[in-house]
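In: Pasting the sequence and the predicted coordinates here, then a few questions.
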Amino acid sequence: MLELRQIRQDPEGIRRGIASKGEPGAEEALQAAISRDAEWRASLTELERMRAEQNSVSATIGRGVRGGNPRPEQRTELKELSQRIKGLEERVRGLEAELHEALLRVPNLPSSHVPVGRSEADNVVVRRWGEPPQFRVPPKPHWDIGRDLGLLDFERAGKISGARFSIFRGAGAALERALPTFMLKLHIERHGCVEILPPFLVNSESMLGTGNLPKFGEDAFQLRGHDLWLVPTAEVPVTNLYRDEILPPEALPIRHVAFTPCWRSEAGAAGRDTRGLIRQHQFDKVELVHFVKPEDSTAHLAEIVQDAEDVLQALGLPYQVVQMCTADLGFSQANKLDLEVWMPSYGRYVEISSCSNYTDFQARRANIRFRRSPNAQPEFVHTLNGSALAVGRCLAAVLENGQDEQGRIHLPEPLADILGQKLLS
RNA sequence: GGGGAGAUGACCGAGCGGCUGAAGGUGCUCGUCUUGAAAACGAGUAGGCGCCCGAAAGCGCCUCGUGGGUUCGAAUCCCACUCUCCCCGCCA
């Protein structure tokens, strides 16, 4: 949510900013917010004037009653005023609701240094690490490797759940556990994170706080008969941890790491990445979430990217870091960098992590504030998060990049240590 | 699932339908005292919004779990809901 005052002050600047994201409906939402705001304020001023009169006359009646001197005619006047106030209250409430609804549909502004672009073609590769492995025979895709070594079973997953579900088997299951185990240990011991293991079901209020509602409800799974959603990412429960709280000065920065399954409907992705672990309705992910002072969020985005890179480097997986252009920023995001891992079956880099700065957009929606000093006015925090990493895609990358001509998999040292074997065959 | 109790500020905790946005305490901030600290003493200390584009000052409105209702007037009375705690039953 943007600040209303900022919208009043510079509507044209805001319009340009959100237009650069190409978010459908954004400019209409902004227009609606601006016009509702004007009507709302006019009505509110009138309502407050009437309430002030009611309060002051009511107080004199109170004094009269206690002095044994009631004035019955004032009561009938006030009864009428009270009725008029009720009518106007209803109108103000309605306008306020419409204003709020419109505001919730206005996306976050891009940070000033984000390159303006019209599509993902305008994203910028910032750096690359590692060399894509060379194969003398064509490398196998991970779904074939998984089937041949008995690690993955997509056919039976289809039977018991449907398309875009997976079954991990034997060493495959062990790997799916070993990866987050390794990642969590790194983030906790080296990156200063405190682990959170949140509920996997959250209410609508939480989805609203992170910006997944009201616009993107169709991307998530909702439980029938309950106000509960399957978390699309740990970002939702963890960002909402401090909703409606004022954090004390010493609390920031807060660094959390959470390992959860994630559920996504993948509506609109029909036909894309239909094979393998790349695009699933359920997948595991290790997520970093930071709460920081506004002036620190740029530095913390870089830190989160680095934390995610540390995982890839420890696993020896070649990757590139990509700065997203304005068109590729999500609804709530002010800036975003993706990490893309080399995927031999795709013959290109594939997204494995997405690190974003939400500035005060989520904090304003979720009402997450802090004080700089014990008696200072509360300010909104900045929230950031990044995957470090998506576990399924990481498993796919480990299998594909680690394969040899005999169809064996050479495991990176951190995983070999946990599994107690260096080679899968 | 059945029965009972409760929800007030950063925290604890008072609160006859009308000078109660809220006593008292704790914590915190500043000051006095002290070589320094502690103690003692003094002062301060909720949030949101409008008038007004921002800041300051001022004026006003709202907020005692949430939403309705009664009333000239509700933290206080009534209804519904949510959440917390206790007892019984069931259960991983």
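Out: Arrived safely, thanks for sending.

In: When you work out contacts or count neighbours from here on, use the C-alpha atoms and nothing else.
Out: Noted.

In: got a list of what the residue lying closest to residue A:344 once chain neighbours are set aside touches?
Out: Nearest residue to residue A:344 in three dimensions, chain neighbours excluded: residue A:400, at 6.2 Å (C-alpha to C-alpha, 6 or more residues apart in numbering). Residue A:400 is in contact with A:139-142, A:145, A:343-345, counting by C-alpha atoms under 8 Å, 6 or more residues apart in numbering.

In: In those, find the pair that's most separated.
Out: A:145 and A:343 (13.4 Å; C-alpha to C-alpha).

In: Show me which residues of the stretch 151-300 of chain A are close to RNA strand B?
Out: residue A:246 (C-alpha under 7 Å from any atom of the strand).

In: need the strands for the stretch 151-300 of chain A, in chain order.
Out: A:194-195, A:201-202, A:229-230, A:245-247, A:254-263, A:282-292 (DSSP state E, counting those that start in this stretch).

In: most tightly surrounded among those?
Out: strand A:282-292 (a mean of 25; mean count of other C-alpha atoms under 10 Å).

In: Indicate each strand paired with it and its parallel or antiparallel sense.
Out: Strand pairing for strand A:282-292, using DSSP bridges, gives strand A:254-263 (antiparallel), strand A:382-390 (antiparallel).

In: Next up, phi/psi of residue A:380, please.
Out: Backbone torsions of residue A:380, given as degrees, to the nearest 10, read phi -70, psi 140.

In: From residue A:213, how far out is the residue nearest to it when sequence neighbours are not counted?
Out: Excluding the flanking residues, the one nearest residue A:380 by C-alpha to C-alpha, 6+ apart is residue A:369, at 4.3 Å. Counting by C-alpha to C-alpha, to the nearest Å, the gap from residue A:369 to residue A:213 is 21 Å.

In: same thing with residue A:280?
Out: 21 Å.

In: Pick out whichever of those two has more residues nearby.
Out: residue A:280 (22 against 18; other C-alpha atoms under 10 Å).

In: which ones are touching that one?
Out: A:164-166, A:264, A:266.

In: Now which of these would you call buried?
Out: When those are checked for burial by 16 or more other C-alpha atoms under 10 Å, the buried set is A:164-166, A:264, A:266.

In: can you redo the strands of the stretch 151-300 of chain A as TSV with mean pLDDT?
Out: Below are the strands of the stretch 151-300 of chain A laid out as TSV (pLDDT from 0 to 100):
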stretch	mean pLDDT
strand A:194-195	94
strand A:201-202	90
strand A:229-230	92
strand A:245-247	84
strand A:254-263	95
strand A:282-292	96
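
In: closest to residue A:77 out of those?
Out: It's strand A:245-247; of the strands of the stretch 151-300 of chain A, that one is closest to residue A:77 (C-alpha to C-alpha) at 42.7 Å.

In: picking that back up, out of the contacts of residue A:280, name the two that are farthest from one another.
Out: A:166 and A:266 (14.9 Å).

In: chain center to the lengthiest helix in chain A: distance?
Out: Across chain A, the helix with the greatest residue count (assigned by DSSP state H) is helix A:26-66. Offset of helix A:26-66 from its chain centre (C-alpha atoms, centre = their mean, to the nearest Å): 36 Å.

In: Much appreciated, bye for now.
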